[in-house]
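J.: Okay, predicted coordinates and the sequence, questions at the end:
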Amino acid sequence: MIRKKAKKKTVTEKRNYAKKSLSNDVEKAMKKYLNDLNGHTPNKLHDIFLEEVEKPFLDVVMQHTGWNITHASTMLGMNRATLRNRLKKYKLD
């Protein structure tokens with residue numbers, strides 16, 4: 001049997017896959033969350049969503065950068081002071 005070599009994905013293909021995967025995961029989680037409410041209407045859903053997503057997101061980025069705020073703020077495209085404030089908000093400082 002002849003095996004074909006798997007084509008290596010380009011950086012753009014990897015990014016597109018990651019975006020699609022993340023979008024699908026968020027969509028599934030939100031549908032489940034809303035279904036679990038059994039008809040109740042949530043208040044401040046946007047705030048709840050951001051807090052649930054932003055804290056682990058920032059934690060992973062900070063771990064990846066070795067807790068280097070300058071490097072992390074560059075990766076995130078945000079001001080260092082803003083990043084410090086967000087880290088403080090989520091007690092990740």
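T.: Received it, and whenever you're ready, just let me know what you need.

J.: how's this structure carved up into domains?
T.: 9-42, 43-93 (automatic domain parsing).

J.: quick one: the residue nearest the centre of the chain from residue 49, how far?
T.: With distances taken as Cα atoms, centre = their mean, residue 57 lies nearest the centre of the chain, 4.5 Å away. As judged by Cβ to Cβ, to the nearest Å, residue 57 and residue 49 stand 12 Å apart. In this view, the C-beta of every residue, glycine as well, is placed from N, C-alpha and C.

J.: okay, and the common contacts of those two?
T.: Common neighbours of residue 57 and residue 49, counting by Cβ atoms under 8 Å, 6 or more residues apart in numbering, are absent.

J.: hmm, back to that, deepest-packed of the domains of the chain, please.
T.: Compared across the domains of the chain, domain 43-93 shows the largest average neighbour count, a mean of 13 (mean count of other Cβ atoms under 10 Å).

J.: what about that one, distance to the chain center?
T.: How far domain 43-93 lies from its chain's middle: 10 Å, per Cα atoms, centre = their mean, to the nearest Å.

J.: got a markdown table for the domains of the chain, with mean pLDDT too?
T.: What follows is the domains of the chain, written out as a markdown table (pLDDT from 0 to 100):
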| stretch | mean pLDDT |
| --- | --- |
| domain 9-42 | 84 |
| domain 43-93 | 96 |
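
J.: ok, residue 58 to residue 80 distance?
T.: For residue 58, the distance to residue 80 equals 13 Å [Cβ to Cβ].

J.: can you check residue 42 too?
T.: Where residue 80 is concerned, residue 42 sits at a distance of 33 Å (Cβ to Cβ).

J.: next one: residue 86
T.: Counting by Cβ to Cβ - residue 86 and residue 80 are separated by 11 Å.
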